[in-house]
Each structure stands twice: as structure tokens, then as C-alpha cells.
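# Return atomic coordinates for the entry below.
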Amino acid sequence: MISGIVFQLAMLVVIAVFAFIGYFIWDRRYRGHKEGVFKATSEVFKDPTSGKLTRVYEDPETGARQYREEA
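Next comes the predicted model:
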């Protein structure tokens with residue numbers, strides 16, 4: 001009985017760690033960093049999850065990219 005509870009708590013901790021990493025690290029990579037001089041590229045696409053038009057911005061010095069909704 002106790003080993004089952006310990007297992008469930010361990011799984012909860014593992015899931016929480018993955019959720020934390022996913023939200024603060026992976027999602028940040030998709031949104032891009034705020035530093036730099038980003039210029040609009042000719043790349044525009046329809047975001048498959050939101051259905052909104054999205055333009056790619058790139059920092060020519062670093063090659064970093066951001067994806068922003070078109071107004």
C-alpha cells in the first residue's frame with residue numbers, strides 16, 4: 001500500500017518536472033528571445049494550432065528566430 005503511494009508521488013513529481021521544463025524552456029524556444037534586432041522575413045504561414053497567420057522574424061547577427069502573429 002505504501003509503495004503504491006510512493007510510486008504515485010514519484011510519478012507526480014516526474015510529470016511536474018516535465019511540465020515545468022516544457023513551459024519555461026521549450027515554449028520559450030518557440031517564442032524566441034526578446035533581445036536582438038529582429039527583422040521580418042518573407043516567411044508567413046498559417047499556424048496549425050491557432051489558425052492565425054504567423055510571420056517569422058530573424059535576427060541577422062545571431063540567426064535567432066521569432067514567430068509573431070500578423071495583425
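
# What segments of this structure are helices?
2-21, 27-31 (DSSP state H).

# can you give me how far the longest one is from the chain middle?
In this case it means helix 2-21. Computed by Cα atoms, centre = their mean, to the nearest Å, the chain-centroid distance of helix 2-21 equals 23 Å.

# Show me what counts as buried in that helix.
Using 16 or more other Cβ atoms under 10 Å as the burial criterion, none of the residues of helix 2-21 qualify. Glycine gets a C-beta too; all of them are placed from N, C-alpha and C.

# can you tell me the average pLDDT over that helix?
Taken as a whole, helix 2-21 carries a mean pLDDT of 89.

# Please apply the same query to stretch 55-70.
Averaged across stretch 55-70, pLDDT comes to 90.

# mind listing what's buried in that stretch?
Quick answer for stretch 55-70 (16+ other Cβ under 10 Å): R55, V56, Y57, E58, D59, R65, Q66.

# Restricted to strands, list the residues you listed.
Using DSSP state E, the subset of the buried residues of stretch 55-70 located in strands is R55, V56, Y57, E58, R65, Q66.

# got those residues as TSV, with distance to S3 columns?
Output for these, formatted as TSV (distance: Cβ to Cβ, whole Å):
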residue	distance to S3
R55	53
V56	50
Y57	52
E58	52
R65	47
Q66	47
